[in-house]
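# okay, predicted coordinates and the sequence, questions at the end:
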There are 2 protein chains.
Amino acid sequence: MCEHCGCHERTKEITLEHKILSENEAIAESNRAHFKAKGIKAINLISSPGSGKTTLLEATIDALAGEIPMAVIEGDPETERDAERIRQKGIPAVQVTTGGACHLDARTVHRAFHQLEENQFKLLFIENVGNLLCPSAFDLGEDLRVVLVSVPEGSDKPAKYPAAFYRADIFLITKIDLLPYFDFDLEEARRLAQELNPRLKIIPLSAKTGEGMSLWLETLKALASQ
Amino acid sequence: MCEHCGCHERTKEITLEHKILSENEAIAESNRAHFKAKGIKAINLISSPGSGKTTLLEATIDALAGEIPMAVIEGDPETERDAERIRQKGIPAVQVTTGGACHLDARTVHRAFHQLEENQFKLLFIENVGNLLCPSAFDLGEDLRVVLVSVPEGSDKPAKYPAAFYRADIFLITKIDLLPYFDFDLEEARRLAQELNPRLKIIPLSAKTGEGMSLWLETLKALASQ
């Protein structure tokens, strides 16, 4: 047997992973209680980089501003770019730069939430770090988990990255204005995602043309009025 | 101070991270020696899901088959789809499914390499798990590290995901046939990447139309003949 094939270190790593995850769950529950006490609904947005999370938030803010008070926590490995884009819309936003870490966790969100607390808002969008894998394992205390796959990424992604879909509530297929230019099979994406999670609500949309946005916005309005 | 803001667990986590990374480095060096002894050059391909790694490999195989013997290690969280695509081209391929883990490591590559060893080949392509963050931290023993960003992902990605660029040798800007449909600034992408890593070779290309492929293929031929 190859000397490098032992799994001793991997076992230690998994034990620590479980510890980190269970601590995260505890803080996530405390976040959830915190949000509930303040009448805030939190939405965790998970996708690869460039799937259109920030663009979707901009379009969502344009549509709902004045009707529903909102705030945003932006997660990125580096740069303040996304929070700046949101603030230009007149919405309070905190940028979390993870310094390379591949996901937000409940503790980071807890801290960022304290920075937003002086503002009054009803919906809190949490834009996770661009990554279709690691963020799936970390509950942030959200009320709604949204996973996004854009048309250029391909319709096979639910099968290859199932973890993102198991615990999601909504699957947004974004950039559908690009369907004519890509070999993206909308029915395949739907079928693969629903096989993983039959209760998933699937909304194909384009933040650019507005197609499909009404169903997304109605879902948010219903959440805000709960 | 908030009770959740302690960093005790994070310190333990970082210590283990360093241990895992230094062990990975040792196995990566052993892989490198292994490859060198067999006259094999290994290429580690890193990008988000859907940036076109497998499509690029298919086009590369079509162009170089007969001239340079090749093999492929495919990393995905789930499914054998990508290795099947490569095998259909008549090239030996091993699929590594990480079961959700967010990157390949040197040990995994070492094991997969043993499964390929009965074949004769000169270039070994290692398609990493689709993720622009975690794979950057793990040396696999490769001779060439390639980071890919596709036009639909946006030209700001080097600034937001710098770790992928620091240790790369080549930056492929893929799907440039889509430039007319996207707000992707080729000069911005070049500038941001070169600020992070001045020795980076930058090749914009389209595996679909063949534009820019010749420079990529020449680079591989030069590597194979070293």
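Perfect, I can see it now.

# alpha carbons only for contacts and neighbour counts from here, please
OK.

# quick one: contacts for the spatially most central residue of chain A?
What sits nearest the mean C-alpha location of chain A, by C-alpha atoms, centre = their mean, is residue A:45, with 1.4 Å. Residues counted as contacts of residue A:45 (C-alpha atoms under 8 Å, 6 or more residues apart in numbering or on different chains) are A:53, A:125, A:126, A:127, A:128, A:145, A:146, A:147, A:148.

# in chain A, which spans are strands?
Counting by DSSP state E, chain A has strands at residues A:41-46, A:70-76, A:93-97, A:123-127, A:144-150, A:170-174, A:201-204.

# can you show me the CA trace of the shortest one as CSV?
The C-alpha coordinates for strand A:201-204 follow below in CSV (Å, rounded to 0.1, in the frame of the first residue of the first chain):
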residue,chain,number,x,y,z
LYS,A,201,-39.1,26.3,-5.9
ILE,A,202,-37.5,26.9,-9.3
ILE,A,203,-37.6,30.4,-10.9
PRO,A,204,-35.8,31.0,-14.2
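
# what packs against that strand?
Here strand A:201-204 touches strand A:170-174, going by 3 or more C-alpha pairs under 8 Å, 6 or more residues apart in numbering or on different chains; DSSP states H and E.

# so the strand it packs on versus strand A:41-46, what angle?
Strand A:170-174 runs at 50 degrees relative to strand A:41-46, counting by axes from the mean of the first three to the mean of the last three C-alpha atoms, to 10 degrees.

# average pLDDT for strand A:170-174, rounded please.
The average pLDDT for strand A:170-174 rounds to 98.

# buried set for it?
A:170, A:171, A:172, A:173, A:174 (16 or more other C-alpha atoms under 10 Å in any protein chain shown).

# can you put the strands of chain A in a markdown table and add distance to residue B:163?
Shown next, in a markdown table, are the strands of chain A (distance: least, C-alpha to C-alpha, whole Å):
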| stretch | distance to residue B:163 |
| --- | --- |
| strand A:41-46 | 20 |
| strand A:70-76 | 12 |
| strand A:93-97 | 13 |
| strand A:123-127 | 20 |
| strand A:144-150 | 23 |
| strand A:170-174 | 27 |
| strand A:201-204 | 32 |
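
# compare those and give me the one nearest residue B:72.
strand A:144-150 (26.4 Å; C-alpha to C-alpha).

# before we move on, back to that, tell me which of the buried residues of strand A:170-174 is nearest to chain B?
Among these, residue A:174 lies closest to chain B (C-alpha to the nearest C-alpha), at 11.8 Å.

# so who does that closest one touch?
Neighbouring residues of residue A:174 by C-alpha under 8 Å, 6+ apart: A:51, A:52, A:148, A:149, A:150, A:151, A:204, A:205, A:206, A:207.

# in space, what's closest to it - neighbours in sequence excluded?
residue A:150 (4.4 Å; C-alpha to C-alpha, 6 or more residues apart in numbering or on different chains).

# show me the contacts for that neighbour.
A:51, A:52, A:173, A:174, A:175, A:176.

# apply 10 Å and report the result again.
For residue A:150, the contact set (C-alpha atoms under 10 Å, 6 or more residues apart in numbering or on different chains) comprises A:47-48, A:50-53, A:157, A:172-176, A:178-179, A:184, A:204-206, B:50, B:152-153.

# now do the lowest-mean-pLDDT helix or strand in chain A against strand A:123-127, angle only.
One helix or strand of chain A scores below all others by mean pLDDT, DSSP states H and E: helix A:8-37, with a mean of 82. On the basis of the same axes, to 10 degrees, helix A:8-37 is oriented at 160 degrees to strand A:123-127.

# so which bits of helix A:8-37 are buried?
Those would be A:13, A:16, A:20-21, A:24-32, A:35, for helix A:8-37 by 16+ other C-alpha under 10 Å.

# what's around residue A:180, how many residues?
Look at residue A:180: counted by other C-alpha atoms under 10 Å in any protein chain shown, it has 9 neighbours.

# residue A:104 against residue A:133, yeah?
No - applying C-alpha atoms under 10 Å as the test, residue A:104 and residue A:133 come out as separate, 11.8 Å apart.

# returning to what we had before: which one, of the strands of chain A, ends up nearest to residue A:226?
strand A:41-46 (8.9 Å).

# just checking: what are the partner strands of that closest one?
strand A:123-127 (parallel), strand A:144-150 (parallel) (DSSP bridges).

# now residue A:188. Nearest residue, chain neighbours left out?
Using C-alpha to C-alpha, 6+ apart, the closest residue to residue A:188 is residue A:155 (6.2 Å).

# just checking, that neighbour touches residue B:50?
Yes - in this structure residue A:155 lies within contact range of residue B:50 using C-alpha under 10 Å: 9.5 Å.

# what is in contact with these two at once?
residue A:149.

# residues touching the closest residue to residue A:204 other than its chain neighbours, list them.
Distance criterion C-alpha to C-alpha, 6+ apart; nearest residue to residue A:204, sequence neighbours excluded, is residue A:173 at 4.4 Å. By C-alpha under 10 Å, 6+ apart, residue A:173 lies in contact with A:51, A:147-151, A:155, A:186, A:189-190, A:202-206, A:212.

# how near is residue A:184 to residue A:150?
9 Å (C-alpha to C-alpha, to the nearest Å).

# name all residues that sit in contact with those two at the same time.
Joint contacts of residue A:184 and residue A:150 (C-alpha under 10 Å, 6+ apart) are A:176, A:178.

# about what we covered before: just how off-centre is the least confident helix or strand of chain A within its chain?
Between the centre of helix A:8-37 and the centre of its chain there are 18 Å (C-alpha atoms, centre = their mean, to the nearest Å).

# check which helices and strands it sits against.
On a contact count with 3 or more C-alpha pairs under 10 Å, 6 or more residues apart in numbering or on different chains; DSSP states H and E, helix A:8-37 meets strand A:41-46, helix A:106-116, helix B:8-37.
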